[in-house]
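Visitor: for reference, the sequence and a predicted model appear below.
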Amino acid sequence: MTMHSVSTGVEAFRAAAREWLAQNLARRSGHEERSARGLTHRTIEDIATQRALQKRVHEAGFAGITWPVEYGGQGLTAAHEAAFLEEAEPYRLPDMGIAGVVTIKVCAEVILRHASEDFKRRHLPKMLSGEEVWVEFFSDSAAGSDLAGVVTTAVRADGQGGDDWILNGEKVWSSGAYYADFGLCLARTDWDVAKHKGLTWFAVATAQPGVTVEPLREITGDIEFCREIFQNARIPDSERIGEAGSGWEVAQTALRFEREASSGSLTSVAKMPRPGPLAPDLVELAARAGRSDDGHVRQLIAKAHADDFASRALGERLARLMAAGHPAGGALISYVKLARGIVEPNHAKAAIEIGGAAAVSWAKDDRLGATFALDYLNSRVTAIAGGTNEIQRNTLGERVLGLPREPNVERNLTFRESQRRALAEST
Ligand SMILES: Cc1cc2nc3c(=O)[nH]c(=O)nc-3n(C[C@H](O)[C@H](O)[C@H](O)COP(=O)(O)OP(=O)(O)OC[C@H]3O[C@@H](n4cnc5c(N)ncnc54)[C@H](O)[C@@H]3O)c2cc1C
């Protein structure tokens, strides 16, 4: 593997990156730059190709640029990374879909902060080289927003030798799990302490005995989510992340990076944002539908444009506040996530209103035509994934504005008692 030394200046690194990219990666076509969410199902063959490409990027020393060397990174600065990303902009970087993003932007961040040294050395280099793709096994069927309510349970395999855990239960909505190697799994390890105290994280290998991964079909016809069933799956204690019982603290790290990943990068603070182009997809759709001169349509386009500008301005303002050490810190990201969770459904709805039939029917090879209907069907993704709009509002109320916390009827109860109480109330 090529190692770029810490003494390599940013410009020398940039030049090396430019040369390597030109020789090794394909350029993106203009077509691919459209932002539509579209269908996200990936074939196993396609993912294998992307894994091989990721391996080459890693071997050339351009993956994990700021990560510590002992975990497979380059140990360089954020400026080196920014230079690489600038140079890589016109190229098609390896793309392992949603799970690829989750591997690096969420799971690896959690592992770096909470896993044992041995765990980090075993897994992180493989995550960087594309050998290990990870997803989140967070949501139980009956515990989504109420994350600490998970009932998927791991117990010590006492009396059966070793210090393994036995995992039983069910997770759902895990994006990309059908091609992932590991799930970062939140499990209950103690029912007889308060709800938030009895949780622990584990790495669960998707291919191991006792783990079944079932892909789910969505309203778009796409297959991105999966359901996992654990039946006496044996997990070595060395695959535990963080102390037993410390799962709630670890979950806060995962949630923070999840929110960051789904809110776009907030780290580049610069000048005030420029207005940007006038909602180009809606302008084109209005033209397709022959309604460019319709006053109501023009209002909808203007509103979408104002929303785009306002959410960019909000993002940049919050980035500035965070960089200046605002006391609410990472919780501020909830503003951006909430804004996008409101703006995206409005934008998608405006497209259907503007386009009418032109927004919901398209010729087979008309890629843009398909995006309006798909965007509409997918438009609640940001409003739900990684914490719903209502949960973002709760976070902002409690952690940023200092409003009173929600009433907690489970205070002073163990998780077992609160489950019994909920059962009694529902019957
Ligand atoms: C695109 C996408 C990708 C996802 N990927 C993953 C993944 O990879 N791994 C994973 O584990 N999960 C994943 N999820 C699941 C996601 O985390 C949950 O859907 C989300 O946390 C909401 O949980 P729920 O669906 O159980 O809804 P519920 O929690 O049942 O919520 C139902 C409604 O009640 C409201 N509500 C709930 N509690 C409160 C409250 N305290 N105050 C006010 N309102 C409340 C909610 O806002 C919502 O409107 C994904 C979801 C989506 C949409």
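Guide: Yep, that arrived.
Visitor: so what pLDDT did the closest residue to residue 309 other than its chain neighbours get?
Guide: With C-beta to C-beta, 6 or more residues apart in numbering as the criterion, residue 309 has its nearest non-adjacent residue at 5.1 Å, and that residue is residue 275. In this view, the C-beta of every residue, glycine as well, is placed from N, C-alpha and C. As predicted, residue 275 sits at a pLDDT of 75.
Visitor: just the one 4 residues further on next, same as before
Guide: If you check residue 279, the pLDDT there is 93.
Visitor: likewise for the one 5 residues further on?
Guide: Per-residue confidence at residue 284 stands at 93 (pLDDT).
Visitor: that one: how many residues sit nearby?
Guide: 14 (other C-beta atoms under 10 Å).
Visitor: how about it, nearest residue that isn't a chain neighbour?
Guide: If you skip the residues right next to it in sequence, residue 284 has residue 368 as its closest partner in space, 7.1 Å away by C-beta to C-beta, 6+ apart.
Visitor: same question for residue 210.
Guide: Counting by C-beta to C-beta, 6+ apart, residue 233 is the residue found nearest to residue 210 once chain neighbours are left out, at 3.3 Å.
Visitor: ok, residue 143 next?
Guide: In space, not counting the residues next to it along the chain, residue 143 is nearest to residue 149; the distance is 3.8 Å by C-beta to C-beta, 6+ apart.
Visitor: what do you get for residue 345?
Guide: residue 379 (4.4 Å).
Visitor: that neighbour against residue 343, yeah?
Guide: No. Taking contact to mean C-beta atoms under 8 Å, the distance of 9.8 Å between residue 379 and residue 343 leaves them out of contact.
Visitor: show me where the stretch 101-250 of the chain has helices.
Guide: Taking DSSP state H, counting those that start in this stretch, the helices of the stretch 101-250 of the chain run over residues 108-114, 117-128, 247-262.
Visitor: helix or strand with the lowest mean pLDDT in this structure?
Guide: helix 367-377 (a mean of 87; mean pLDDT, DSSP states H and E).
Visitor: ok, then the element right after that one?
Guide: Moving toward the C-terminus from helix 367-377, the first helix or strand encountered (DSSP states H and E) is helix 381-384.
Visitor: let me see the mean pLDDT of that following helix.
Guide: This predicted structure assigns helix 381-384 an average pLDDT of 92.
Visitor: helices or strands up against it?
Guide: Helix 381-384 is packed against helix 333-355, with contacts defined by 3 or more C-beta pairs under 8 Å, 6 or more residues apart in numbering; DSSP states H and E.
Visitor: tell me the contacts of residue 104?
Guide: Residues touching residue 104, when contacts are defined by C-beta atoms under 8 Å, 6 or more residues apart in numbering, comprise 127-128.
Visitor: mean neighbour count for the helices of the stretch 101-250 of the chain - can I get that in CSV?
Guide: Written out in CSV, the entries for those read as follows (neighbours: other C-beta atoms under 10 Å):
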stretch, mean neighbour count
helix 108-114, 20
helix 117-128, 18
helix 247-262, 20
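Visitor: which one of those helices lies closest to residue 163?
Guide: The closest approach between residue 163 and any of the helices of the stretch 101-250 of the chain, judged by C-beta to C-beta, belongs to helix 117-128 at 14.0 Å.
Visitor: starting at the chain centroid, how far to that closest one?
Guide: On the basis of C-alpha atoms, centre = their mean, to the nearest Å, helix 117-128 sits 20 Å off its chain's mean C-alpha point.
Visitor: check the offset of stretch 389-403 from the chain's centre.
Guide: Its chain's average C-alpha position is 21 Å from that of stretch 389-403, according to C-alpha atoms, centre = their mean.
Visitor: quick one: contacts of that stretch?
Guide: With contact meaning C-beta under 8 Å, 6+ apart, stretch 389-403 is reached by 145, 328, 331-332, 334-335, 337-338, 341-342, 383, 387, 404-406.
Visitor: filter those residues down to the ones near the ligand?
Guide: Checked against the ligand using C-beta under 6 Å from any ligand atom, these yield the following neighbours: 145, 387.
Visitor: and the contacts of stretch 389-403, which are buried?
Guide: Applying a neighbour-count criterion of 16 or more other C-beta atoms under 10 Å, the buried members of these are 328, 331-332, 334-335, 337-338, 341-342, 383, 387.
Visitor: before we move on, the earlier item: what residues sit buried inside the least confident helix or strand of the chain?
Guide: By neighbour count, and taking 16+ other C-beta under 10 Å as the criterion, the buried residues in helix 367-377 are 369-377.
Visitor: name the nearest of the residues you listed relative to residue 23.
Guide: Sorting those by distance to residue 23 puts residue 371 at the head of the list, at 33.1 Å, by C-beta to C-beta.
Visitor: report how many residues lie close to the residue nearest to residue 345.
Guide: Counted with other C-beta under 10 Å, residues neighbouring residue 379 total 20.
Visitor: same check on residue 241?
Guide: Residue 241 is flanked by 25 other residues according to other C-beta under 10 Å.
Visitor: need the contact list for it.
Guide: Contact partners of residue 241, counting by C-beta under 8 Å, 6+ apart, are 110-111, 114-115, 119, 184, 201-203, 250.
Visitor: any idea what it is bridged to?
Guide: Beta-bridge pairing of residue 241, defined through DSSP bridges, involves residue 201.
Visitor: against the ligand, how distant is it?
Guide: As judged by C-beta to the nearest ligand atom, to the nearest Å, residue 241 and the ligand stand 15 Å apart.
Visitor: model confidence for that residue, exactly?
Guide: Model confidence at residue 241 (pLDDT) stands at 98.
Visitor: what parts of the stretch 51-200 of the chain come near the ligand?
Guide: That would be 135-139, 144-145, 173-175, which are the residues of the stretch 51-200 of the chain within reach of the ligand (C-beta under 6 Å from any ligand atom).
Visitor: out of those, which one has the lowest pLDDT?
Guide: For these, the minimum pLDDT belongs to residue 144; the value there is 90.
Visitor: count the neighbours of that one for me.
Guide: 17.
Visitor: now do residue 291
Guide: As a burial measure, residue 291 scores 19 neighbours (other C-beta under 10 Å).
Visitor: quick one: furthest residue from the center of this protein?
Guide: Among the C-alpha atoms of the chain, the one most distant from their mean position (C-alpha atoms, centre = their mean) is that of residue 293, at 39.6 Å.
Visitor: assign a three-state SS to it, would you?
Guide: In the three-state summary, residue 293 is assigned as coil, counting by DSSP: H, G, I helix; E, B strand; the rest coil.
Visitor: what stretches of the protein score poorly on pLDDT?
Guide: Residue ranges of the chain with pLDDT under 70: 5-7, 30-39, 159-161, 263-273.
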